[in-house]
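Enquirer: What shape does this take:
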Amino acid sequence: MAGQHDHQHPHAHDDDRDHEDRAHSDHDHDHGGHGGHDGHGGHGGHGGHGHSHGVAADADRRWLTSALALIVVFMAAEVVVGFAAGSLALISDAAHMLTDAASIVLALIAMRLSARPARGGFTYGLKRAEILSAQANGVTLLVLSAWLGYEAITRLISPPTVEGGLVLVTALVGIVVNIGAAWCMSKANRSSLNVEGAFQHVLTDLYAFIATAVAGAIMLTTGFNRADAIASLIVVALMLRAGFGLVRDSGRIFLEAAPAGIDPDALADRLVDTPLVEEIHDLHVWEITSGQPALSAHILVSSGGDCHAIRRDLQRRLREDYRITHATLQVDHLGEDEDQELLQITDAAQALAGEHCADSHGPVHRAGPHSH
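Expert: Model (predicted):
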């Protein structure tokens, strides 16, 4: 029946328009539908190509679960041996393996949440659950590294007696276990920042076990017990590096920065060189979640130009050159609504904005040399 529909079904474009509503809520941009006309006579369009984002959930869950089982079993044994040997390096490795296990559990939960269709107030669904998970992993690594670093420095000053033989054997077994876990996780889709975060946990632990094995061999052959604390500091350095990277990358997505490797100014300059395109403004480039770049922009074209053809050409270029398949473009002709001076191009960007947009949300891009 007209005017009624069921909100329970998943929409094909489940991550469409929430960002634009937020970005343009302070002025009237009626971004038309998929190829429809807006209130200004503009032509809105959404890139409808390749909306099958994300990881292959079933396959990835199996590999992640296998890695989790290996890690949990070995971690429990390592804690016992670590206290028996009096080795901070083994306890540090066990603590890091605990974060490995937690990161995989969070990854599995986040994958299930992010697979839910968009509905209600969550117009993107819960796709950023994986970014929350990745950030939690990064923060955990940083906190643990601070604690273990303090303990390692204390032991470096006053080294306790450590059973080097137990440390060496346990570390060698740990290397094998982490190689197995890393192999399992390498089979998952690491384009997801969430899965990549869990993989980095395991990979960091592999390097840490190599350092611990070397320390165990040194203690066993020379009796130099400070090697245990030195190995712990190596583990701490690896944890800091991995933790900082995860916090930085997840923070960029939360702050809606442009995806790494995409310069919005350079992108706009390339697009504005398209025939009949006179200006691009209100350009936004962000990531919905890892591996899902999105873009919105207002395009002004020459009078008489085919708005639909130009929009399709721009979306094709974004898809082929930047792998941006989620692009929403509002395309208007110069000179429309002259009485309101909404779309008149002038020499000054502020005058161009006029009543159309009190805040142009970034630089105005035009053909030829211009400042950003």
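Enquirer: in this structure, what spans have low per-residue confidence?
Expert: For the chain, the stretches with pLDDT under 70 are 1-59, 114, 189-194, 335-362, 368-372.
Enquirer: separation between the residue nearest the centre of it and Gln135?
Expert: The residue lying closest to the centre of the chain (CA atoms, centre = their mean) is Ser290, at 3.4 Å. Ser290 sits 12 Å away from Gln135 when distances are taken as CB to CB, to the nearest Å. Heads up, the C-betas are built off the backbone N, CA and C, glycines and all.
Enquirer: With Ala85 instead?
Expert: Taking CB to CB, one finds Ala85 at 34 Å from Gln135.
Enquirer: In terms of secondary structure, what does whichever strand in the chain runs longest contact?
Expert: Identified as the longest strand of the chain according to DSSP state E is strand 277-287. Judged by 3 or more CB pairs under 8 Å, 6 or more residues apart in numbering; DSSP states H and E, the packing partners of strand 277-287 are helix 18-23, helix 226-254, helix 264-272, strand 293-301, helix 349-353, strand 365-366.
Enquirer: Report the strands that pair with it, each with its relative direction.
Expert: Strand pairing for strand 277-287, determined by DSSP bridges: strand 293-301 (antiparallel), strand 365-366 (antiparallel).
Enquirer: Go through the ones you listed and name the closest to Arg323.
Expert: strand 293-301 (6.9 Å; CB to CB).
Enquirer: List the buried residues for the next helix or strand after that closest one?
Expert: Following strand 293-301 in sequence order, the next helix or strand is helix 307-322 (DSSP states H and E). Residues of helix 307-322 classed as buried: 307, 310-311, 313-315, 317-319, 322 (neighbour count, 16 or more other CB atoms under 10 Å).
Enquirer: repeat for stretch 250-264
Expert: Within stretch 250-264, the residues that qualify as buried are 250, 252-253, 258-259, 262, 264, counting by 16+ other CB under 10 Å.
Enquirer: residues making contact with stretch 103-114?
Expert: With CB atoms under 8 Å, 6 or more residues apart in numbering as the test, stretch 103-114 has contacts from 54-55, 57, 60-61, 64-65, 67-68, 71, 125-130, 132-133, 136-137, 140, 185, 192, 194-195, 197-198, 201, 289.
Enquirer: In a helix, the residue nearest to the centre of the chain, correct?
Expert: No. According to DSSP: H, G, I helix; E, B strand; the rest coil, Ser290 belongs to no helix; its state is coil.
Enquirer: which residues of this structure fall in helices?
Expert: For the chain, the helices defined by DSSP state H cover 18-23, 57-85, 88-114, 129-157, 164-186, 193-222, 226-254, 264-272, 307-322, 349-353.
Enquirer: out of these, which comes closest to Leu329?
Expert: Checking the helices of the chain against Leu329 by CB to CB gives helix 307-322 as the closest, at 5.3 Å.
Enquirer: hmm, back to that, any chance of the helices of the chain in TSV, with distance to Asp332 too?
Expert: Formatted as TSV, these follow (distance: least, CB to CB, whole Å):
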stretch	distance to Asp332
helix 18-23	15
helix 57-85	41
helix 88-114	35
helix 129-157	34
helix 164-186	48
helix 193-222	36
helix 226-254	30
helix 264-272	15
helix 307-322	7
helix 349-353	12
